[in-house]
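Q: Next one to model:
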Amino acid sequence: MKISASIYSDKKRPLKEVITDLVSHQVDLLHVDCNDDETVFDDIALIREWCSLPIDLHIITDKPSKYYSLLEKYPVEYITFQYEDLKQPIKFPDSITGKKGLAVITPTDVSVFDEYNTFDFILIMATVPGQSGGKFDPINFKKIRDFQRKYPTKSIHVDGGVNGEVSFILRTMGVSSSVSGSYLFNEPSIGQALMNLTKRNLESHFLIRDFMIPIAESPVIKECEITLKSVLETIEDGKLGFCLVTDEHNKYKGLISNADVRKTLIREFESLPKINVSGLLNSDAVGLNQQETVNDMLQLIKSKSFPITYLPIWDDEKNAVGIVTFVNLIRGEL
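A: Here you go, the predicted model:
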């Protein structure tokens, strides 16, 4: 996941000093907020003289058309307009280069992207736009999943409240870029903040239930309905490489993965027409209680000698309540 540094969040130093510091620490993108202020492009012109880092421009205006000529004169790599402020549709001239995005605040449903489905990405504002230091609203984890289901080929960017822990969760969800402002500049150094955002696990404030895929959105099959065909269809439809297995009361019984199917087929290949489908079930799969934290999850993963790509999640009564999957992790790093 790329880190886009919000350059105006550092109020203490001159802009050139901030940019030089970010360049020296190899930040991925420079996030420039434009709150209907055309003089921002004077700063963009200076940044182009100082460095070659990609510019991630977020414009809040009711009239996008007044910025088209400026975007032609000062091309940037990423251009985003804030949806809620629009009083006219966004219609980029063909001459404007760069990837196009639509920004939405937390209460706005991602379905508004339908009108702009030729754009490259959505920017989910997880706190109030323009307010530095806000707290990430966990409802946005669901918005990310909703958007991924509807637009699996589009990228997702996130802005607001991204600290080390949130950054880890976003990476596992396949988010392509996250904007960091106050967190990046309020740490002892930009280098330490970047390390926290891209590598380390920190103190946990979110529980597994806050960002897991809930059972209603998970591939699930009842134990009494297991057949080879139904298992394969459930895994195929779920597009995650596995399915959860529950009893008729939703009690967690185990999971069946692509690997479990493959191993069973190899083991019973000679008697394939009489294959014992109950042998597909892995009742000892590693999982977690929904009340455990991100750090609990990381410690569990680190304690195992084999790679973990998904985790079933249950409640105190061992009822299946959701899943955590890492299949989007590589996508988020591209």
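Q: Show residues contacting whatever helix or strand Ile122 lives in.
A: Ile122 belongs to strand 121-125 when assigned by DSSP states H and E. Applying C-beta atoms under 8 Å, 6 or more residues apart in numbering, the contact partners of strand 121-125 are 58, 78, 80, 82, 99-106, 110, 113, 140, 143-144, 147, 151, 154-160, 176-177. Where you see a C-beta, it was placed from the backbone N, CA and C, and this is true even at glycine.
Q: Which among the residues you listed count as buried?
A: Buried subset of the contacts of strand 121-125 (neighbour count, 16 or more other C-beta atoms under 10 Å): 58, 78, 80, 82, 99-105, 110, 113, 140, 143-144, 147, 151, 154-160, 176-177.
Q: Could you tell me which of those residues are located in strands?
A: 58, 78, 80, 82, 99-105, 155-159, 177 (DSSP state E).
Q: Let's see the distance spanning stretch 153-168 from one end to the other.
A: Start-to-end span of stretch 153-168 (C-alpha to C-alpha, to the nearest Å) is 21 Å.
Q: tell me the contacts of Lys135?
A: With the criterion set at C-beta under 8 Å, 6+ apart, Lys135 makes contact with Thr127, Gly161.
Q: Apply 6 Å and report the result again.
A: Gly161 (C-beta atoms under 6 Å, 6 or more residues apart in numbering).
Q: On the three-state scheme, it is what?
A: Assigned with DSSP: H, G, I helix; E, B strand; the rest coil, Lys135 falls in the coil class.
Q: can you give me the angle the strand holding Ile122 makes with strand 78-82?
A: For strand 121-125 against strand 78-82, the angle by axes from the mean of the first three to the mean of the last three C-alpha atoms, to 10 degrees is 50 degrees.
Q: Quick one: distance of strand 121-125 to the chain centre.
A: 10 Å (C-alpha atoms, centre = their mean, to the nearest Å).
Q: And the strands in the stretch 201-334 of the chain?
A: With DSSP state E, counting those that start in this stretch as the criterion, the stretch 201-334 of the chain has strands at 213-214, 220-222, 242-246, 252-257, 288-289, 310-314, 320-325.
Q: what pLDDT, on average, does the fifth one get?
A: By that I understand strand 288-289. Mean pLDDT, strand 288-289: 93.
Q: Parallel or antiparallel, which strands does it pair with?
A: Sheet pairing here is set by DSSP bridges, and for strand 288-289 it gives strand 310-314 (parallel).
Q: which parts of the partner strand are buried?
A: Tyr310, Leu311, Pro312, Ile313, Trp314.
Q: contacting residues around stretch 301-310?
A: Contacts for stretch 301-310 (C-beta under 6 Å, 6+ apart): Phe242, Ile323, Thr325, Phe326.
Q: if you set the cut-off to 7 Å instead, what comes out?
A: Stretch 301-310 has contacts (C-beta atoms under 7 Å, 6 or more residues apart in numbering) with Leu240, Phe242, Val286, Ile323, Val324, Thr325, Phe326, Val327.
Q: could you dump those residues to CSV with distance to Glu233?
A: Listed next are the contacts of stretch 301-310 as CSV, based on distance: C-beta to C-beta, whole Å:
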residue, distance to Glu233
Leu240, 14
Phe242, 13
Val286, 25
Ile323, 18
Val324, 23
Thr325, 19
Phe326, 23
Val327, 19
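Q: Counting by contacts, list what the helix or strand where Asp42 lies packs against.
A: Here Asp42, judged by DSSP H and E, is contained in helix 40-50. Judged by 3 or more C-beta pairs under 7 Å, 6 or more residues apart in numbering; DSSP states H and E, helix 40-50 is in contact with helix 15-24, strand 29-35.
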